[in-house]
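In: Let me see the structure of the following:
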Amino acid sequence: MRPTIIGIAGGTCSGKSTLTRALSERFVDQTAVMLHDNYYRSRPDLPLAERAALNYDEPAAFETSLLISHLRALLAGECVEMPTYDYVHHDRAEPTITIRPRPVIIVEGILVLTEQELCDVCDIKIFVDTDADVRLLRRIRRDAVERGRSLESVERQYLQTVKPMHELYVEPSKRRADIIVPEGGSNLVALDMLTHRIQRIIEDHAAPGAS
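Out: From the prediction side, this is the model:
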């Protein structure tokens, strides 16, 4: 029986990761998580200052074709090596993460529902919808504290690329979603519904005769 792929999209710091983490921790041995952010294009040809100035919130910033090929390999029962990304140096890192096929594969990222080919691979499409002010405050805290960026650089990136790209690409992708979840992992009702759906998928995989 082929894996079920769940795509989770939404704006920056909307709660996608919280929702993904809650689901994957609940079914730790039955889920695999693929992060779209790990598929940012490698640009070692550019100096750090130029890499930092790139637009990381448009579809062209991602090597989505590689992600899709990895998902298709997982559907075929093959293991893949998911790349990792260094947010301090703004470039793809050397280590990779081995992802093995699981009954449920979760794909998470702001633009997961933007490109039709990636949507077509997803069986269940979820959009996490959170107020813009809340997302901005969370992004400031994340980028300044966790990723070591200055407040000025976070503000500049948000105004120059994050906000306009959200309006151009992310928000319209909501129309492709099967389910819209306000507040992401904080929405306990939605989390309970998704948990029960995933439980049924896992039970179907374990049923006698499943292949």
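
In: Please count neighbours and contacts with C-alpha atoms only from this point.
Out: Fine.

In: CA atoms only: put the longest helix seen in the chain into PDB for me.
Out: Counting by DSSP state H, the longest helix found in the chain is helix 188-206. This file holds the C-alpha atoms of helix 188-206, laid out as PDB (Å, rounded to 0.1, in the frame of the first residue of the first chain):
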ATOM      1  CA  LEU A 188      -6.700  21.400  19.300                       C
ATOM      2  CA  VAL A 189     -10.000  20.500  17.500                       C
ATOM      3  CA  ALA A 190      -8.300  20.400  14.100                       C
ATOM      4  CA  LEU A 191      -5.300  18.500  15.600                       C
ATOM      5  CA  ASP A 192      -7.700  15.900  17.000                       C
ATOM      6  CA  MET A 193      -9.400  15.500  13.600                       C
ATOM      7  CA  LEU A 194      -6.100  15.100  11.800                       C
ATOM      8  CA  THR A 195      -4.900  12.700  14.400                       C
ATOM      9  CA  HIS A 196      -7.900  10.400  13.900                       C
ATOM     10  CA  ARG A 197      -7.500  10.600  10.100                       C
ATOM     11  CA  ILE A 198      -3.900   9.600  10.300                       C
ATOM     12  CA  GLN A 199      -4.700   6.800  12.700                       C
ATOM     13  CA  ARG A 200      -7.100   5.300  10.100                       C
ATOM     14  CA  ILE A 201      -4.500   5.600   7.400                       C
ATOM     15  CA  ILE A 202      -2.000   3.700   9.600                       C
ATOM     16  CA  GLU A 203      -4.500   1.100  10.500                       C
ATOM     17  CA  ASP A 204      -5.300   0.500   6.800                       C
ATOM     18  CA  HIS A 205      -1.600   0.000   6.200                       C
ATOM     19  CA  ALA A 206      -1.400  -2.600   9.000                       C
END
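
In: what packs against it?
Out: helix 16-26, strand 104-108 (3 or more C-alpha pairs under 8 Å, 6 or more residues apart in numbering; DSSP states H and E).

In: Go ahead and name everything in contact with that helix.
Out: Helix 188-206 is contacted from outside by 1, 4, 19, 23, 26, 30, 103-104, 181, 185, 210-211, using C-alpha atoms under 8 Å, 6 or more residues apart in numbering.

In: pLDDT of that helix, averaged?
Out: Mean per-residue pLDDT for helix 188-206: 94.

In: Which stretches in the protein count as helices?
Out: Using DSSP H, helices in the chain cover 16-26, 48-52, 64-75, 116-121, 132-141, 151-157, 163-165, 188-206.

In: Nearest to residue 89, out of those helices?
Out: helix 48-52 (6.5 Å; C-alpha to C-alpha).

In: buried stuff in that closest one?
Out: Neighbour-count burial for helix 48-52, counted by 16 or more other C-alpha atoms under 10 Å, picks out 51-52.

In: before we move on, what about stretch 150-158?
Out: 154, 157-158.

In: likewise stretch 74-93?
Out: 74-75, 79-80, 82-85, 87, 90-92.

In: Out of those, which comes closest to residue 139?
Out: Proximity of those to residue 139 (C-alpha to C-alpha) peaks at residue 87, which lies at 13.6 Å.

In: Any regions of this structure where pLDDT drops low?
Out: Applying pLDDT under 70 to the chain flags the ranges 146, 211.

In: Thanks a lot, see you next time.
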